[in-house]
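Asker: sequence-free structure coming up:
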């Protein structure tokens, strides 16, 4: 089932009632002189079980503790943004699986060779995805395919970095483009799109009974979602491709993303991905990937199920 993403970009009061998210627009509901029929239009509801991600994108949003607890109990990720309207915080449930303790142990007991092999698979899948996008755009990709074939356990030669350097010089047909959190557009589109995917992956990891903090490659004492950052890597090219098509259709965005651009990016969970020859929405595909990751930790599988482009 595809869960909804709710993004709030205006002042709002969010509370819980009868297992529903109640959304009130203060200036309509509590404004002086507003007719009663319009006040009713200022209140909307949404079933909690239908929501997978909530994005709080305005300083004047109030959310009750009861609603936050209910969202987290339903394995919903909550994202908060900064003054530039870019995601800066992610809230996840502590308990997402009834066998969580057992699964934590298997994840913690994973050997270094196993984690290096899984990182090799991850990097190979990511480079192949990037190579496929370049091929679709008529850009030479033989070097990318060669790198994908020669990734070693743990990617000790950092072929991921070499592939990324070539990829970013070519994917937007701008040799001067520099990928970064603070760079010029379309970096803002990429940042926002990746943040949505990161939240979905982190949410799916918790649902699979895994620790999002304990990565197979990324290790940062200040990063609570190292494993999410690892596992989302092969999904990045899917977002890049989607953003490229948006730019072709709409042109390059301004530095501050409009509501229209954000609405386009909120469709990311519904994008088609192919895993094992079967097509499914990206949000479903992420759950398949995290489920296969656990099976690799437990020894039931030897390969993570990543999307193919």
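Answerer: Cool, the structure landed. Quantities reported herein were computed from a predicted structural model and do not represent experimental measurements.
Asker: for this structure, name the helix or strand with the lowest mean pLDDT.
Answerer: Least confident element among the helices and strands of the chain, by mean pLDDT, DSSP states H and E: helix 36-41 (a mean of 82).
Asker: residues contacting that one, please?
Answerer: With CB atoms under 8 Å, 6 or more residues apart in numbering as the contact definition, helix 36-41 has outside contacts at 28, 29. C-betas here are computed from N, CA, C, even on glycine.
Asker: so how far is it from its chain's centroid?
Answerer: Relative to its parent chain, helix 36-41 has a centroid offset of 36 Å by CA atoms, centre = their mean, to the nearest Å.
Asker: and what of stretch 85-104?
Answerer: 14 Å.
Asker: what's downstream of the least confident helix or strand of the chain, the next helix or strand?
Answerer: Once the chain leaves helix 36-41, the next helix or strand it forms, by DSSP states H and E, is strand 43-47.
Asker: which other residues reach that next one?
Answerer: So strand 43-47 is contacted by 4, 6, 17, 19, 20, 21, 22, 23, 24, 25, 29 (CB under 8 Å, 6+ apart).
Asker: quick one: which of those residues sit in helices?
Answerer: In helices, judged by DSSP state H, the following of those are found: residue 29.
Asker: tally of neighbours for residue 275?
Answerer: 17 (other CB atoms under 10 Å).
Asker: run through the bridge partners of it.
Answerer: residue 278 (DSSP bridges).
Asker: what's near enough to touch it?
Answerer: Neighbouring residues of residue 275 by CB under 8 Å, 6+ apart: 285, 288, 289, 305, 306, 307, 308.
Asker: and the gap between the nearest residue to the last one once chain neighbours are set aside and residue 144?
Answerer: Spelled out, that is residue 308. Spatial nearest neighbour of residue 308, excluding adjacent residues (CB to CB, 6 or more residues apart in numbering): residue 274 at 5.0 Å. Using CB to CB, to the nearest Å, we find residue 274 at a distance of 19 Å from residue 144.
Asker: quick one, strands of this protein?
Answerer: Along the chain, counting by DSSP state E, strands occupy 4-8, 12-17, 20-24, 43-47, 51-56, 61-63, 77-81, 87-91, 272-275, 278-281.
Asker: how about residue 22: what's its closest non-neighbour residue?
Answerer: Closest to residue 22 by CB to CB, 6+ apart is residue 15, at 5.0 Å.
Asker: run a quick neighbour tally on the one you found.
Answerer: By other CB under 10 Å, 15 other residues sit near residue 15.
Asker: for the least confident helix or strand of the chain, buried residues please.
Answerer: Using 16 or more other CB atoms under 10 Å as the burial criterion, none of the residues of helix 36-41 qualify.
Asker: numbering from 748 from now on, please.
Answerer: Right, with 748 as the first residue, what we last looked at is helix 783-788.
Asker: contacts only, for the closest residue in space to residue 817 that isn't next to it in sequence.
Answerer: Distances taken as CB to CB, 6+ apart place residue 763 nearest to residue 817, at 5.2 Å, with adjacent residues excluded. Shown in contact with residue 763 (CB under 8 Å, 6+ apart): 769, 795, 811, 813, 814, 817.
Asker: quick one on the thing from earlier: of residue 1021 and residue 891, which one has the most company?
Answerer: The neighbour count for residue 1021 versus residue 891, taken as other CB under 10 Å, is higher for residue 891 (25 against 12).
Asker: please verify my assumption that the more buried one contacts residue 914.
Answerer: Yes: between residue 891 and residue 914 a contact is recorded at 7.1 Å, counting by CB atoms under 8 Å.
Asker: show me where the protein has its helices.
Answerer: For the chain, applying DSSP H gives helices covering 773-776, 783-788, 812-820, 847-855, 859-883, 889-896, 906-917, 934-954, 973-978, 983-997, 1006-1012, 1029-1045.
Asker: for the ones you listed, which one sits closest to residue 829?
Answerer: Residue 829 lies closest to helix 934-954 among the helices of the chain, at 11.0 Å (CB to CB).
Asker: buried ones in that closest one?
Answerer: Residues of helix 934-954 classed as buried: 934-954 (neighbour count, 16+ other CB under 10 Å).
Asker: same question for stretch 1009-1021.
Answerer: 1009, 1011, 1012, 1013, 1015, 1016, 1018, 1020.
Asker: and if you look at stretch 815-835?
Answerer: For stretch 815-835, a neighbour-count test (16+ other CB under 10 Å) marks 815, 817-819, 821-826, 828, 832-834 as buried.
Asker: most widely separated two among these?
Answerer: Maximum pairwise distance in the buried residues of stretch 815-835, criterion CB to CB, is 26.5 Å, between 817 and 833.
Asker: ok, the residue nearest to residue 769 to residue 1009 distance?
Answerer: Going from residue 762 to residue 1009 by CB to CB gives 23 Å.
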